[in-house]
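1. sequence first, predicted coordinates after that:
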Amino acid sequence: MTLVLDAGAFLAVERGDRRVMALLKRERLGGRAPLSHGAVVGQVWRGGARQAQLARLLRATEISPVDLELGRRAGELLGRVRANDVVDAAVVLLCVDGDQLLTSDPGDLTSLAVAAGIHLELIRV
């Protein structure tokens, strides 16, 4: 099982959300790194000293690239559900059955996961 992070999870860490911090600590203690992708980073990173918490989380997170293959798969998935948020589609496609996805937007991600045939646990942050 992998803990996958969307932009809402990173923002929750910036806010000091204790529940999210506990989930991340569980991963670290289990020897696992959370997973996200570079476009999610683009949604949350603004630089500066005020993002120290976020910078620490980024160093501890496996960041996948949104490359040609993931981009195409995300586009195909969006076509199936008639949606247009490529960042959301790509983050769902990082998941495999049994993963947990921390999100502030479980509604859209649920429909994407169903269309992709991925069984995951969406955790609202």
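-> Happy to help now that I have it.

2. mind naming the longest helix for this structure?
-> helix 68-81 (DSSP state H).

3. list the buried residues of it.
-> Within helix 68-81, the residues that count as buried by 16 or more other C-beta atoms under 10 Å are 70-71, 74, 77-78. (Glycine included, C-beta is placed from N, CA and C.)

4. of these, closest to residue 43?
-> Distance to residue 43, by C-beta to C-beta, is smallest for residue 74 among the buried residues of helix 68-81, at 14.5 Å.

5. how close does the closest one sit to residue 118?
-> According to C-beta to C-beta, to the nearest Å, residue 74 stands 13 Å off from residue 118.

6. give me the common contacts of these two.
-> Common contact partners of residue 74 and residue 118 (C-beta atoms under 8 Å, 6 or more residues apart in numbering): residue 93.

7. in this structure, which residue sits furthest out from the middle?
-> When each C-alpha in the chain is compared with the mean C-alpha position (C-alpha atoms, centre = their mean), residue 49 comes out farthest, at 23.0 Å.
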